[in-house]
Structures are given as C-alpha cells and as structure tokens.
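Student: Below: sequence and its predicted model.
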Amino acid sequence: MSRFDKAAKEWDGSQLRQMLAFDIAKGIIESHPLTKEMKILDFGAGTGLLSKHLCAQVGHLTALDISKGMLEQLKENASAWDTCDVETVHKDILDYTPTEPFDGVVSSMSMHHIEDIDRLFQTFATILKPKGFIAIADLEVEDGSFHEYENEGVYHFGFEEEALTQIARKHGFTSVSFQTVHCVRKEDNREYQIFLMNAQYT
Ligand SMILES: C[S@@+](CC[C@H](N)C(=O)[O-])C[C@H]1O[C@@H](n2cnc3c(N)ncnc32)[C@H](O)[C@@H]1O
C-alpha cells in the first residue's frame, strides 16, 4: 500500500489542501475559457480536490492516479458533484494512452512525484488535441522541507520556470507562462510559493 493509499481517507480533512486547490482552480478558470464541450484530464487527481472545482465548467473529466486508494475516495466524493461526466483511470501517467485526445490537462501538486519530467511533457503532447492546453500547478524551488519527513516518492524540490519552459518548448508547447497562485504557510513561518504553468500545444 503506497503512502497515498494510506492517506486517502484523511486527505480532504486538511484546510490547507482545500484552500490550495481552490486557488489553483481559480487560476485555471481565469486562464482558460473552459466549456461544456471540453474533455479534460486531471493527472495525479488524488481525491479530486482540484477536479471538483473544474467539473462544473467542462463536459467530461478524466481523473487519473497511480493510487487506487485516492481514486476510491475520489469516486465517493464525485457522487456529490453531479455536474459533469467523471471517469477514473488507475494508471501511471507515463503509461497512459487515451482512446481520444483531451482539450486540456490540469494538475495540482503531482508533477514533483514524477522523476522523468521530459517524458511527462512528451506524454502531455501525445494526449492533447492540437491547440489543447496544460495548466499545471506545483511548488516553486524549495529547500526540501515542504514534505518534512515524507520525501519518499518526491523527485523534485520544486521547479525552475526556465527549465520547465525549455522542456515544454522542446515538446511543441507555445505561449508558456507562469503565475504564482498560492502561498502555503506552514509552522515556523515557513512559506512555499505555488505556481501555475499555462501553455498551449501547437
Ligand atoms: C500530492 S498528491 C496531489 C493530489 C491532488 N491533486 C490534490 O491536489 O490534492 C499527488 C498525487 O499524485 C499521484 N501520483 C504520483 N505519481 C503518479 C504517477 N506516476 N502517475 C499518476 N499519478 C501519480 C499520487 O498517487 C497522488 O495522488
């Protein structure tokens, strides 16, 4: 059982996570004209903290996660959303080949759990329609203290804009932009900035 499987039942009890997902969703909605004709993918969807805010704006949402426990909790939560068609996919994002391409890929706090970022952007490029978008939120560079004693499965202590921009461009993304959408405040006044990276697939 992975640490996310174990954490699934208690995941949504965190006010900090709820506020973070709300601000990320707000940033995505303000950045992209979402419509009921759209089909989007939430990668590393977890229990659906981000998905639930976007569901009302699109026609279909695929929630993909490698943790079965998180997806079981998402399914339970999604029964109360009733605003769009929700499909769950239990898979590693790097092994995912959808039957139809997506209009957009969104994500909240999952990219730092993927070791090979180059392959991740290559995957985004293969699963998006032309002119499709990515809206990916994660940590700006930090000192490794964000996860405190739980760095298992954490491959990146945040990300640098320039490095991500270069990888995105290499895989055919344009109009790459970043904005800070939230600041996580932990004990001892520790602060962590959360960026939203937006880009369009050519
Ligand atoms: C920090 S949680 C974020 C969950 C949710 N997006 C949120 O904001 O509450 C990271 C999630 O990414 C998932 N994950 C990690 N590696 C993954 C992979 N290779 N493919 C798909 N999901 C992955 C984990 O199982 C976990 O649910």
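Tutor: That came through, no problem.
Student: what are the phi and psi values for residue 131?
Tutor: phi 70, psi 10 (degrees, to the nearest 10).
Student: which secondary structure element contains residue 163?
Tutor: helix 161-170 (DSSP states H and E).
Student: Could you pull out the buried residues of the next helix or strand after that helix?
Tutor: Sequence-wise, the next helix or strand downstream of helix 161-170 (DSSP H and E) is strand 173-185. Under the neighbour-count criterion of 16 or more other CB atoms under 10 Å, strand 173-185 has 173, 176, 178, 181-182, 184 buried. Using the backbone N, CA and C atoms, a C-beta is placed for each residue, glycine as well.
Student: hey, which helix is longest across this structure?
Tutor: Ranked by number of residues, the top helix in the chain under DSSP state H is helix 15-31.
Student: who does that one touch, helix- and strand-wise?
Tutor: Counting contacts by 3 or more CB pairs under 8 Å, 6 or more residues apart in numbering; DSSP states H and E, helix 15-31 packs against helix 51-54, strand 102-108, strand 128-139, strand 173-185, strand 191-201.
Student: Send me that helix as CSV with only the CA atoms.
Tutor: C-alpha atoms of helix 15-31 as CSV (Å, rounded to 0.1, in the frame of the first residue of the first chain):
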residue,chain,number,x,y,z
GLN,A,15,-7.9,23.0,5.3
LEU,A,16,-4.5,23.9,3.8
ARG,A,17,-5.1,21.5,0.9
GLN,A,18,-8.6,22.7,0.3
MET,A,19,-7.5,26.3,0.1
LEU,A,20,-4.6,25.5,-2.2
ALA,A,21,-6.9,23.5,-4.6
PHE,A,22,-9.4,26.4,-4.6
ASP,A,23,-6.8,28.9,-5.6
ILE,A,24,-5.3,26.7,-8.3
ALA,A,25,-8.8,26.0,-9.8
LYS,A,26,-9.4,29.8,-9.8
GLY,A,27,-6.2,30.4,-11.6
ILE,A,28,-7.1,27.7,-14.2
ILE,A,29,-10.6,29.0,-14.8
GLU,A,30,-9.3,32.6,-15.2
SER,A,31,-6.6,31.4,-17.6
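Student: Good, we can wrap up now.
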